[in-house]
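Visitor: Provide a 3D model corresponding to the input given below.
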Amino acid sequence: QVQLVESGGGLVQAGGSLRLSCVVSGSIWGLNDMGWYRRAPGNERELVASITRGGGTTYADRVKGRFTISRDNAKNTVYLQMNSLKPEDTTVYYCNARGLLKYPINTFNSWGLGTQVTVSS
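Guide: So this is what the prediction gives:
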């Protein structure tokens, strides 16, 4: 159906940068909102940033001014540029995408498997 594949995680020192990418593939008509979430204490997922098809963005207060979300609609890809990383940013980051399937015609709300980001102090 729909697959989301994240890449770009890894180990970085505090103050460093990473860029996450997420490619969406499958039989889809189009993508609506896309976003990045991360695993929070208690295993919940908290919103990091989201972006609408038109480019409107939302950020969690903890990452405002440090992270930037963007997307390439032609490539069905969403990015998360993470600068000034802090040890407290260490966790698993998940890609999320919502859109419309072709066959059968239906909406979807899908997740990637996650990519680990580790920030050392």
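Visitor: Quick check: phi and psi at Asn76.
Guide: Here is the backbone geometry of Asn76 (degrees, to the nearest 10): phi 50, psi 50.
Visitor: Show the contacting residues for it.
Guide: Contacts for Asn76 (Cβ atoms under 8 Å, 6 or more residues apart in numbering) come out as Val23, Val24, Ser25, Ile28, Leu31. All C-beta spots, glycine's among them, are computed from the backbone N, C-alpha and C.
Visitor: By neighbours, which of those wins?
Guide: Using other Cβ atoms under 10 Å as the neighbour test, those are led by Val24, with 23 neighbours.
Visitor: ok, now how distant is that residue from Thr91?
Guide: For Val24, the distance to Thr91 (Cβ to Cβ, to the nearest Å) stands at 22 Å.
Visitor: Can you give me the neighbour number for the closest residue to Arg66 other than its chain neighbours?
Guide: Among residues not flanking Arg66 along the chain, Ser84 sits closest, at 4.6 Å (Cβ to Cβ, 6 or more residues apart in numbering). Neighbour count for Ser84, taken as other Cβ under 10 Å: 13.
Visitor: So Ser84: helix, strand or coil?
Guide: Secondary structure, DSSP: H, G, I helix; E, B strand; the rest coil: Ser84 is coil.
Visitor: which ones are touching it?
Guide: Gly15, Ser17, Arg66.
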